[in-house]
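[1] Below are the sequence and a predicted model; questions follow.
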Amino acid sequence: MKPGRFVCVFPFLPPMSWSFLAVILATPLFLGGTLAIGQEAVLHNFHNNGLGGASPRGGLIVDAAGNLYGTTTTGGSNNVGTVFELLPNGTGGWKEKVLHNFRNDGRDGNTPSASLIFDAAGDLYGATPYGGAYQDGVVYELLPQTGGGWKEKILHTFGGNANRMGQGPFGNLVFDAAGNLYCTTEAGGAYGGGTVFELIPSADGTWTEKVLHVFNTLEGDAYFPISGLTFDARGNLYSTTWVGGLHGQGTVFELSPNANGSWTEKVLHSFNHNGSDGYQPFAGLILDAAGSLYGTTEGGGAHDGGTVFKLTQRTDGTWKETVLHSFQNNGSDGYRLFSGLTLDAAGNVYGTTSLGGSSNGGTVFELKPQASGAWTEVLLHNFNDNGKDGSSPYPGGPLIFDRAGNLYGTTVAGGTDGAGTVFEVTP
């Protein structure tokens, strides 16, 4: 089924999710955080028992009825991952329903690490970095069936003689207004440094891959993109690479479409492990209403615990980076950021750290812009791997909001069986 017409500006939030529109933010400066804990509830504990999924690394999406959807990297009937749905049971609890068990059969994908997206018809789309005929990953679609159940369709298989077209799509897919899909591959391409690709649907139901950019490890280019892509209103694509750039520590890049169908890459920022800047961005980017970009780095900053950064375009077309917060391993702050960010209508930024906090199980944090231009960190939750709470939201997709302003996400570990959780945090 051909996808409907929409553009995902926020990279990992589906068209049916209840995210809030961002507002223009003031130019920020760093300010230390204060402790304020929100209320957390574990909605689901995963169990690696051969039935449900286990170890979710991607984030969640939500449909109009309030049901949650996601992927797990392991578990299921073949122990190579699942697509799941969580449905509220009407009494305050949630029930897991496995929509698809991935197979390690040389055709299906496996070990999905990315979030899902919907099309306008309610079909689900995702990517796996492994599996397929060449074990280099697939892009798949799940179609709901009359009377229940979901049917999988493989849209594209990576690798083999076509490994120059990319290998290993780890990031989240995104649609353009015409229903074409876009993402990155972590490796492959002519230089082995990864690609940006587009999948174009045909009337007969097949999809054709078009490589938009090949990252060149031989010429100091950005390379090894792990995250998905973000569109702006003009049709430009933005994302990050884990390494490469001027200092070899990763980049933020832009791809701009040309009239002849080609795309031009521009590195907007090269990260530098210099004691103030972050380095090695793992997650993708989000845009505010003014067109500024926000993201995270796994390491670096003033305390080498990772950063949240903002890039703002200058009048001459260059981009200025500002570090909004430098995380530190001090027993209270979180550190090591692998997940992306979420903005609310007031311009506050939300995210997770994979480590740190009072129990070193990671945190949920909020960054609040101040009238002075500084930002204040608020810790909403410290994860505690105590046999009940989740632990390590790593890498995880960005948190998502419901209509009441509650946040939802996943942890890869912890819970009653150590196989991860789905959680809700009320700020």
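    Cool, got the structure.
[2] surely residue 216 meets residue 223?
    Yes - Residue 216 is within contact range of residue 223, at 7.2 Å (criterion: C-beta atoms under 8 Å). Bear in mind the C-beta positions are built from the backbone N, C-alpha and C, glycine included.
[3] shared neighbours, the two?
    Jointly contacting residue 216 and residue 223 under the rule C-beta atoms under 8 Å, 6 or more residues apart in numbering are 191, 193.
[4] which of those two has more neighbours?
    residue 223 (27 against 17; other C-beta atoms under 10 Å).
[5] how about the nearest residue to the more buried one, chain neighbours excluded?
    Nearest residue to residue 223 in three dimensions, chain neighbours excluded: residue 193, at 3.1 Å (C-beta to C-beta, 6 or more residues apart in numbering).
[6] Roughly how far does the one you found sit from residue 224?
    6 Å (C-beta to C-beta, to the nearest Å).
[7] Need the overlap of contacts for these two.
    Common neighbours of residue 193 and residue 224 (C-beta under 8 Å, 6+ apart) are 187, 215, 244.
[8] pLDDT score for the first one?
    Reading off the confidence values, residue 187 has pLDDT 95.
[9] That one touches residue 215, doesn't it?
    No - look at residue 187 against residue 215 with C-beta under 8 Å: they stay out of range, at 9.5 Å.
[10] Between those two, which contacts overlap?
    193-194, 224.
[11] If you go by neighbour count, which of those are buried?
    Neighbour-count burial (16 or more other C-beta atoms under 10 Å) is assigned, among these, to 193-194, 224.
[12] quick one, what contacts the residue located most distally from the centre of the chain?
    Most distant residue from the mean C-alpha position of the chain: residue 147, 31.9 Å away (C-alpha atoms, centre = their mean). With contacts defined as C-beta under 8 Å, 6+ apart, residue 147 has no neighbours.
[13] Against residue 89, how distant is it?
    21 Å.
[14] And for residue 185?
    Distance, residue 185 to residue 89, using C-beta to C-beta: 39 Å.
[15] Looking at the two, which is more packed in?
    More neighbours surround residue 185 than the other of residue 185 and residue 89, with 31 against 9 (other C-beta under 10 Å).
[16] Who are the contact partners of that one?
    Contacts of residue 185 by C-beta under 8 Å, 6+ apart are 137, 158, 166-169, 194-195, 197, 225.
[17] With residue 46 instead?
    Contacts of residue 46 (C-beta under 8 Å, 6+ apart): 52-56, 72, 75, 96, 415, 417, 419-421.
[18] give me the element the nearest residue to it once chain neighbours are set aside is part of.
    Once flanking residues are discounted, residue 46 sits nearest to residue 419: 4.1 Å by C-beta to C-beta, 6+ apart. Of the helices and strands defined by DSSP states H and E, none includes residue 419.
[19] Then residue 156?
    strand 150-157.
[20] Going by neighbour count, which residues in that strand are buried?
    Of the residues in strand 150-157, those with enough neighbours to count as buried (16+ other C-beta under 10 Å) are 150, 152, 154-157.
[21] In terms of neighbours, single out the busier of residue 187 and residue 215.
    Neighbour tally, residue 187 and residue 215, criterion other C-beta under 10 Å: the higher count belongs to residue 215, 30 against 24.
[22] residues contacting the more buried one?
    Contacts of residue 215 by C-beta under 8 Å, 6+ apart are 189, 191, 193-195, 221-225, 241, 244.
[23] Repeat that for residue 314.
    When contacts are counted by C-beta under 8 Å, 6+ apart, residue 314 touches residue 320.
[24] now residue 322: how far from residue 293?
    11 Å.
[25] re the thing from before, turn the buried residues of strand 150-157 into JSON lines, including pLDDT and distance to residue 122.
    Listed next are the buried residues of strand 150-157 as JSON lines, based on pLDDT from 0 to 100; distance: C-beta to C-beta, whole Å:
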{"residue": "150", "pLDDT": "98", "distance to residue 122": "10"}
{"residue": "152", "pLDDT": "98", "distance to residue 122": "15"}
{"residue": "154", "pLDDT": "98", "distance to residue 122": "19"}
{"residue": "155", "pLDDT": "98", "distance to residue 122": "17"}
{"residue": "156", "pLDDT": "97", "distance to residue 122": "21"}
{"residue": "157", "pLDDT": "97", "distance to residue 122": "24"}
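[26] now the shared contacts of residue 187 and residue 215 as CSV including distance to residue 131, pLDDT and secondary structure?
    Compiled in CSV, the shared contacts of residue 187 and residue 215 are given as follows (distance: C-beta to C-beta, whole Å; pLDDT from 0 to 100; DSSP: H, G, I helix; E, B strand; the rest coil):
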residue, distance to residue 131, pLDDT, secondary structure
193, 22, 95, strand
194, 18, 96, coil
224, 20, 97, coil
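[27] and the residues you listed as TSV, adding distance to residue 48?
    TSV is the format used below for the shared contacts of residue 187 and residue 215 (distance: C-beta to C-beta, whole Å):
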residue	distance to residue 48
193	34
194	31
224	30
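[28] Relative to residue 277, which of those residues is nearest.
    residue 224 (18.5 Å; C-beta to C-beta).
[29] That closest one contacts residue 186, doesn't it?
    Yes - between residue 224 and residue 186 there is a contact under C-beta under 8 Å: 5.9 Å.
[30] Identify the contacts common to those two.
    Counting by C-beta under 8 Å, 6+ apart, the shared contacts of residue 224 and residue 186 are residue 194.
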